[in-house]
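> Build me a model from this:
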Amino acid sequence: MSPLNRIIRLAALLALITAAPAFAAIKVGDVFPPIAEPGVTGLRGMTVPGTAGKVVLVDFWASWCAPCKASFPAMAKLHAAYASRGLVIVAVSIDEKAPAAEAFAKKLAPPFPTLLDRQQKLAKQVVVPAMPTSYLLGPDGRVRFIHQGFRGEPTERELRAHIELLLAELPAPLSP
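Next up, the predicted model:
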């Protein structure tokens, strides 16, 4: 390769590197960005719930994702088992077309809030690696566990174990 071609390739590589987004993937220990980002809207008339001081499961999904569809009944079970103890589940769609996300949410009718991140602003901040990916946040708002993909019962067991650990960090309710 000629020196000129090497210089051109190096310049192109530097241009790619410097043009890359300045985002880093959210990892365990990081503070999760606010879920109520501009452009994140509720599906089925739902709104972004309050999450301060709670254990939060943020699940990124898409209507075209088969494992996402399989994960919703498991998350409904988690909601039934743990919502009264302080777990908040928020499912965030990255669909670009609202009707597809609406139809998915209507068909599965989850008991937890489903939101639409049509422009993927939140998903880009988080740098979601795959569909679905769930982030479990401690009461301090920091990511404590990341679950990429959904593999049925093994994933549900892992989520339950991690949720139990995090719920143990919540203050005990005051007795009357």
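
> ok, Val40 touching Leu115?
Yes: between Val40 and Leu115 there is a contact under Cβ atoms under 8 Å: 5.3 Å. Just so you know, the C-beta spots here come from the backbone N, C-alpha and C atoms, and that holds for glycine as well.

> tell me, what's touching these two both at once?
48, 92 (Cβ atoms under 8 Å, 6 or more residues apart in numbering).

> dump the residue contacts of Leu159.
Contacts of Leu159 (Cβ under 8 Å, 6+ apart): 57, 74, 78, 134, 136, 147.

> how many neighbours does Gly152 have?
11 (other Cβ atoms under 10 Å).

> Name all residues that make contact with it.
Gly152 neighbours (Cβ under 8 Å, 6+ apart): 70, 74.

> Retrieve the pLDDT associated with it.
pLDDT, Gly152: 96.

> quick one on the thing from earlier: keep only those of the contacts of Leu159 that are in helices.
74, 78 (DSSP state H).

> Farthest pair within the contacts of Leu159?
Using Cβ to Cβ, the pair of those lying farthest apart is Ala74 and Leu136, separated by 13.8 Å.

> So between these two, which is more surrounded?
When Ala74 and Leu136 are compared for neighbours, Leu136 comes out ahead with 23 against 17, by other Cβ under 10 Å.

> I'd say the more buried one and Val56 touch.
Yes: the pair Leu136 and Val56 qualifies as a contact (Cβ under 8 Å) at a distance of 7.4 Å.

> ok, back up a step: please say which of Val40 and Leu115 ends up with more neighbours.
Between Val40 and Leu115, counting by other Cβ under 10 Å, Leu115 is the more crowded of the two (24 against 21).
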